[in-house]
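[1] just coords:
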């Protein structure tokens, strides 16, 4: 009996190994790709990765492999890097390019319509939808244009029959598209992928032409499961996050309502991800950077404070330090004072009047900028500030540049042309001023009032100048 059990265990183990390491293949015949290197690339979160690579033979035949771990979306690329997308499911995929006239114009995946999928059911369905859906969208846009014409133009508004025909055709097109998606086998990857891709790709059109669909689209984004491995293997993770919040930003609401809706989406997203700390960190860090890049600072601050106050998760150290700056240095807080130690340049100040610390300044407003000569963006930003300095000075705005340089010669050479206060203690990130202001990136900019209360944390000089124009220049007219 012991021997029988041992054999059973071996058989089960061999079957398990075969399942884990089973390989699926993609074969293709592309005469125009003869002797070229061809790659199969998959997706893992935000990053693509090479699954397999091979060289086509002299006839353009090639064979690539992928495992069950690569299940999701992928793409083929040759020397011109033009991608041809494929569904990496548990099926063999066979492709062939057909000539148009006397040439193989699809030879480098440039014209996917010349590529035929001979084997691979999911890929055939994917190809069918990718061919039909854009045509339906074009037709739908045309009918929507006519609907507006027959509704708003007095010349056509009296015609009821055309309006009924337009409505009926719109409904038919939408139903046809929905029926195709509903008819997909729920076990197929494309049954999940195609609706998500449709949602993401439709966002610009919805925001501009089909605004009545905005609420439903936002709700659909909120229902997405960000712990679903299918999303991480789709190549759509970045686009899904950006499209969701871009649609809210461009939904036609006031800015206050935009932030309310964004905060709702942030609450749902964070709640969805609490069970998976690794993905929570990855997704929220990307979203945080996206919101900052688009100057949606109220939303990025809300996200930062929510994560810091969330007891059920652990934030990566570097990301947590970045978020902590929002709690300590948010609008309305009092910024720390700091000494003007070591080297100090104060053009325009008499020797007896040179300030020794931030609180010595007599200006009504102070712009504090943290940067360095080695920072790629800093020279451009500081040059812009220098250009605005005279205009800002008329409204009692002073500028203090805190350099994180370590080299005295580089610092002095860098700041010699600036008309504002510049200082450096050559301690880089360990500078007491940088630490007290939670500086983790350069340039970092704050606008303070005469009590050192934080009025603004702009993410660009342009935003800072716009604030000064609106509140100071226009306010004094």
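    Nice, I can see it. Being a predicted model, the structure only gives us computed values, none of them experimental.

[2] who touches residue 194 in this structure?
    126, 129, 181, 184 (C-beta atoms under 8 Å, 6 or more residues apart in numbering). All C-beta atoms are positioned from the backbone trio N, CA, C, and that covers glycine.

[3] Quick check: buried residues in the biggest helix by length in the chain?
    The residue-count maximum for a helix in the chain (DSSP state H) belongs to helix 121-152. By 16 or more other C-beta atoms under 10 Å, the buried positions in helix 121-152 come out as 122-127, 129, 133, 136-137, 140, 143, 146-147, 150.

[4] which one of those is nearest residue 36?
    residue 123 (21.7 Å; C-beta to C-beta).

[5] my guess is that closest one meets residue 117, correct?
    Yes: at 4.8 Å, residue 123 counts as touching residue 117 under the criterion of C-beta atoms under 8 Å.

[6] okay, and the common contacts of these two?
    Joint contacts of residue 123 and residue 117 (C-beta under 8 Å, 6+ apart) are residue 93.

[7] what's the helix or strand that residue 39 is a member of packed up against?
    Residue 39 belongs to strand 37-44 when assigned by DSSP states H and E. Using 3 or more C-beta pairs under 8 Å, 6 or more residues apart in numbering; DSSP states H and E as the contact test, the elements touching strand 37-44 are strand 47-55, strand 61-67, strand 72-77.

[8] Could you rerun that using 6 Å?
    strand 47-55, strand 72-77 (3 or more C-beta pairs under 6 Å, 6 or more residues apart in numbering; DSSP states H and E).

[9] Next SSE downstream of the shortest one?
    Proceeding N to C from strand 72-77, the next assigned helix or strand is strand 84-88, under DSSP H and E.

[10] so what strands line up beside that next one?
    strand 72-77 (antiparallel) (DSSP bridges).

[11] Return the distance of the strand it pairs with from the chain's centre.
    20 Å (C-alpha atoms, centre = their mean, to the nearest Å).

[12] Buried residues, it. List them.
    For strand 72-77, by 16+ other C-beta under 10 Å, it's 72, 73, 74, 75, 76, 77.

[13] Closest one of the residues you listed to residue 190?
    residue 73 (9.3 Å).

[14] tell me the domain ranges of the protein?
    7-119, 211-328, 343-476 (automatic domain parsing).

[15] among these, which is nearest residue 201?
    domain 211-328 (8.4 Å).

[16] start to end distance for the closest one?
    39 Å (C-alpha to C-alpha, to the nearest Å).

[17] Please apply the same query to stretch 387-401.
    14 Å.

[18] Pull out the buried positions in it.
    Neighbour-count burial for stretch 387-401 [16+ other C-beta under 10 Å]: 388, 389, 392, 395, 397, 398, 399, 400, 401.

[19] what do you get for stretch 283-300?
    Those would be 283-288, 290-292, 296-300, for stretch 283-300 by 16+ other C-beta under 10 Å.

[20] same thing with stretch 276-285?
    Counting neighbours by 16+ other C-beta under 10 Å, stretch 276-285 gives 279, 280, 281, 282, 283, 284, 285 as buried.

[21] cool, and stretch 305-322?
    Neighbour-count burial for stretch 305-322 [16+ other C-beta under 10 Å]: 306, 307, 315, 319, 322.

[22] Out of the helices and strands packed on strand 37-44, which is closest to residue 62?
    strand 47-55 (5.3 Å).

[23] Just the angle for that closest one relative to strand 37-44, thanks.
    For strand 47-55 against strand 37-44, the angle by axes from the mean of the first three to the mean of the last three C-alpha atoms, to 10 degrees is 160 degrees.

[24] how big is the angle separating strand 47-55 from strand 61-67?
    140 degrees.

[25] helices or strands next to strand 47-55 in the packing?
    strand 37-44, strand 61-67.

[26] chain center to it: distance?
    That offset, for strand 47-55, works out to 23 Å (C-alpha atoms, centre = their mean).

[27] picking up where we left off before, and which of the buried residues of stretch 305-322 is nearest residue 172?
    Using C-beta to C-beta, those come closest to residue 172 at residue 306, 44.0 Å.

[28] Helix, strand, or coil at the residue lying closest to the closest one once chain neighbours are set aside?
    Excluding its sequence neighbours, the residue lying closest to residue 306 (C-beta to C-beta, 6 or more residues apart in numbering) is residue 270, at 5.9 Å. Here residue 270 is recorded as helix under DSSP: H, G, I helix; E, B strand; the rest coil.

[29] follow-up on the earlier one: turn the buried residues of stretch 276-285 into JSON lines, columns for pLDDT.
    Shown next, in JSON lines, are the buried residues of stretch 276-285 (pLDDT from 0 to 100):
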{"residue": "279", "pLDDT": "94"}
{"residue": "280", "pLDDT": "93"}
{"residue": "281", "pLDDT": "91"}
{"residue": "282", "pLDDT": "92"}
{"residue": "283", "pLDDT": "95"}
{"residue": "284", "pLDDT": "94"}
{"residue": "285", "pLDDT": "92"}
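
[30] Need those in a markdown table (columns: secondary structure).
    Compiled in a markdown table, those are given as follows (three-state DSSP):
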| residue | secondary structure |
| --- | --- |
| 279 | helix |
| 280 | helix |
| 281 | helix |
| 282 | helix |
| 283 | helix |
| 284 | helix |
| 285 | helix |
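
[31] tell me the two of these that are most distant?
    Going by C-beta to C-beta, the pair spanning the buried residues of stretch 276-285 furthest: 279 and 285, at 10.7 Å.

[32] returning to what we had before: which of the helices and strands packed on strand 47-55 has the highest mean neighbour count?
    strand 37-44 (a mean of 20; mean count of other C-beta atoms under 10 Å).

[33] Which stretches in the chain count as strands?
    23-29, 37-44, 47-55, 61-67, 72-77, 84-88, 93-97, 115-119, 343-345, 365-371, 397-403, 421-424, 444-449, 454-456 (DSSP state E).

[34] Distance to residue 379 and mean pLDDT for those strands - can I get that in TSV?
    Formatted as TSV, these follow (distance: least, C-beta to C-beta, whole Å; pLDDT from 0 to 100):
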stretch	distance to residue 379	mean pLDDT
strand 23-29	48	92
strand 37-44	36	96
strand 47-55	31	96
strand 61-67	46	95
strand 72-77	37	95
strand 84-88	41	94
strand 93-97	50	90
strand 115-119	48	90
strand 343-345	16	93
strand 365-371	9	97
strand 397-403	12	97
strand 421-424	13	97
strand 444-449	15	95
strand 454-456	22	93
